[in-house]
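> for reference, the sequence and a predicted model appear below.
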Amino acid sequence: MDAAEYANIAALEAEHWYYSGKRRFAREWIQRVRAPAPGDLLLDCGAGTGSFAQEMERLCRVMVLDDHEEALRLLRTRFRPEQIISLAGDRVPLPDGSLEYVTALDVLEHVPDDRAVVQGFHRLLKPGGLAVVTVPASMALWSDWDVALHHFRRYDRAQLRALFPAGEWEIIHANYTNVLVYPAVWAVRKWRAWRGRSGPAPAAGATRSEDRIPARPINAFLRAQFVALAHWRVPFPFGVSLLLVARRR
């Protein structure tokens, strides 16, 4: 991501319903499926600003990994040097079977070879270890926001599940999230795309709707429904995001 996008996220993520909600349900799924012990080790891949890893540090040991210098500068203000991995190549410099948890919250869409990344998760996890992954869903929602964040793709459920083959993983949960806001997000992004083709360019400094925190009651409602529906077993037909929880065989 660009430096400006890291700055946007750092300013928003503590309160914005999407970022705070995503951290909450990822943590709750971990506690639900395999409650952490103090000696367990979690690696947060594509850790960004490190907020999720900081929250998980109350429950277990954590390490953070990123390959962007903007993110690494933020991580160095929050974690000890031995907790930070600056990824310079394709292979994470940790021993096989050294982790109880791997998390990748909105990360796989940023890498050209997502299958190789998931294979790396399998190598790093102990048998029975847990992977928790979120990704943006539905190419129908592709927009300037995806371009700004340097996404390679948005996923459907079958594509995400295919990265976790049954011989290597037990998929515990794979479902769309952020379901209720899908129609509004679709409409806003299609309108923005149409305006970009037919109207004047946005004014300098204009912010996207994704970069603004709604009024407090709306923000609280959006976070509550986002978190609640992320736990439902109902197989939703669509959503703005996808969540997958898988156990290494």
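Looks like it came in fine. Residues are numbered from 1 along each chain as shown.

> separation between the residue lying closest to Gly167 once chain neighbours are set aside and Leu125?
Spatial nearest neighbour of Gly167, chain neighbours left out: Arg249 (7.1 Å); criterion: C-beta to C-beta, 6 or more residues apart in numbering. From N, CA and C alone the C-beta is placed, and that goes for glycine too. Noted for Arg249: a distance of 10 Å to Leu125, by C-beta to C-beta, to the nearest Å.

> neighbour-wise, which of the two wins?
Here Arg249 and Leu125 are compared on neighbour count by other C-beta atoms under 10 Å; more neighbours surround Leu125, at 24 against 13.

> next up, the contacts around the closest residue in space to that one that isn't next to it in sequence.
Nearest non-adjacent residue to Leu125, counting by C-beta to C-beta, 6+ apart: Arg248, 4.2 Å away. Contacts for Arg248 were tallied using C-beta atoms under 8 Å, 6 or more residues apart in numbering; they are 121-122, 125-131, 168-169.

> look at the residue nearest to Gly167 and report its pLDDT.
We have a pLDDT of 98 for Arg249.

> buried residues, the longest strand seen in the chain. List them.
Scanning the chain for the longest strand, with DSSP state E as the assignment, gives strand 125-136. Across strand 125-136, burial judged by 16 or more other C-beta atoms under 10 Å covers 125, 129-136.

> farthest-apart pair in those residues, please.
For those, the maximum inter-member distance is 24.9 Å, found between Gly129 and Pro136 (C-beta to C-beta).

> packing partners for the helix or strand encompassing Ile30?
In this assignment (DSSP states H and E), Ile30 forms part of helix 17-33. Packing partners of helix 17-33 (3 or more C-beta pairs under 8 Å, 6 or more residues apart in numbering; DSSP states H and E): helix 51-56, strand 99-105, strand 125-136, strand 169-177, helix 216-229, strand 241-248.

> let me see the residues that make contact with stretch 25-41.
42, 52, 55-56, 59-63, 98-101, 103, 105, 128-130, 132, 134, 172-173, 177, 226-227, 230-231, 243, 245, 247.

> out of those residues, which are buried?
Neighbour counting by 16+ other C-beta under 10 Å classes 42, 52, 56, 59-63, 99-101, 103, 105, 129-130, 132, 134, 172-173, 177, 226-227, 230, 243, 245, 247 among the contacts of stretch 25-41 as buried.

> mind listing what's buried in stretch 99-118?
99-111, 114, 117-118.

> quickly name whichever of these is closest to Arg161.
Proximity of the buried residues of stretch 99-118 to Arg161 (C-beta to C-beta) peaks at Val118, which lies at 10.9 Å.

> just want the angle from the helix holding Ile30 to helix 216-229.
Here the directions of helix 17-33 and helix 216-229 differ by 30 degrees (axes from the mean of the first three to the mean of the last three C-alpha atoms, to 10 degrees).

> centre of the chain to helix 17-33, how far?
Its chain's C-alpha centre and that of helix 17-33 lie 10 Å apart, by C-alpha atoms, centre = their mean, to the nearest Å.

> one more: stretch 53-67?
Worked out by C-alpha atoms, centre = their mean, stretch 53-67 lies 14 Å from the chain centre.

> still on that earlier bit, out of the helices and strands packed on helix 17-33, nearest to Ala158?
Across these, closest to Ala158 is strand 169-177 (C-beta to C-beta), at 9.3 Å.

> and the next helix or strand past the closest one?
Criterion used, DSSP H and E; the element after strand 169-177 is helix 182-198.

> list the buried ones in that next one?
Within helix 182-198, the residues that count as buried by 16+ other C-beta under 10 Å are 182, 185-186, 188-189, 192.

> then stretch 32-52?
34, 36, 40-52.

> so which two of the residues you listed are the farthest from each other?
Arg34 and Thr49, at 25.2 Å, using C-beta to C-beta across the buried residues of stretch 32-52.

> if we can go back for a sec, what comes up buried for the helix holding Ile30?
Within helix 17-33, judged by 16+ other C-beta under 10 Å, the buried ones are 17-27, 29-30.
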